[in-house]
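Undergrad: Provided below are the primary sequence and the corresponding predicted coordinates.
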Amino acid sequence: MIRFKEACGNAGKVVAARLLPDTDLIEGIEEICKSNQIKYAYVSCFGSFKKCGYMYLVPKTTAKVKAGYGEIMTKEGPIEFLNGTGVVCQNNNKYDTHFHATMCDQNGTVFGGHIVKGYTPTLTTVDLMIMEIKDVEMLRVYDEETDLTQFLPQK
């Protein structure tokens with residue numbers, strides 16, 4: 001069985017940006033979008049963090065899909081931010097950015113997950129490419145089937 005939700009749009013502006021030291025990753029992305037009048041976007045970036053806050057899926061027997069995000073994990077830096085991608089969406093007319101990252105610590109141990117807003121300040125730089133998505137609404141809404149907030153693209 002193949003199931004999906006999709007909406008076809010167009011690429012808009014492309015913003016190349018750098019987050020300066022002490023700027024939170026998600027807050028910085030959303031502020032750049034505001035500054036450029038971008039409501040929906042795709043983001044790709046890399047750099048370094050002073051520390052990070054992230055979550056990953058864990059088994060949850062009480063959840064509808066038997067899994068859900070666990071507690072917020074925090075890791076002190078320096079942290080090499082190897083790669084991150086996300087979607088800048090709206091939830092009740094406010095930014096709701098869904099972002100995942102791969103990182104490694106000073107011992108080369110690789111880890112990653114869902115980045116938590118307000119927990120991940122830049123160490124030296126985060127280099128970003130933000131591509132505006134037009135002619136599509138990119139929403140984050142509650143999904144009854146999974147009992148989680150999910151991505152909902154629509155025309």
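TA: Good, I have the coordinates. Note that the structure is a prediction, hence the values are computed from the model and not measured. Numbers count the residues shown, from 1 in each chain.
Undergrad: Tell me how many other residues surround T124.
TA: T124 has 13 neighbouring residues, counting by other C-beta atoms under 10 Å. Backbone N, C-alpha and C define where each C-beta goes, glycine included.
Undergrad: Can you list the strands that the helix or strand hosting it pairs with?
TA: In the assignment (DSSP states H and E), T124 maps to strand 122-134. Sheet pairing of strand 122-134 (DSSP bridges) gives strand 10-19 (antiparallel), strand 41-55 (antiparallel).
Undergrad: Among these, pick out the one with the most neighbours on average.
TA: strand 41-55 (a mean of 19; mean count of other C-beta atoms under 10 Å).
Undergrad: okay, the strands paired with strand 122-134 in JSON lines with mean pLDDT and distance to G28 next?
TA: Formatted as JSON lines, those follow (pLDDT from 0 to 100; distance: least, C-beta to C-beta, whole Å):
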{"stretch": "strand 10-19", "mean pLDDT": "98", "distance to G28": "4"}
{"stretch": "strand 41-55", "mean pLDDT": "98", "distance to G28": "10"}
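Undergrad: and the ones you listed as JSON lines, adding distance to T146?
TA: Formatted as JSON lines, the strands paired with strand 122-134 follow (distance: least, C-beta to C-beta, whole Å):
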{"stretch": "strand 10-19", "distance to T146": "29"}
{"stretch": "strand 41-55", "distance to T146": "15"}
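Undergrad: In the sheet, which residues pair with the nearest residue to M129 once chain neighbours are set aside? Tell me.
TA: Nearest in space to M129, with sequence neighbours left out and distances taken as C-beta to C-beta, 6 or more residues apart in numbering, is S44 at 5.1 Å. In this entry, S44 is beta-bridged to T85, M129, by DSSP bridges.
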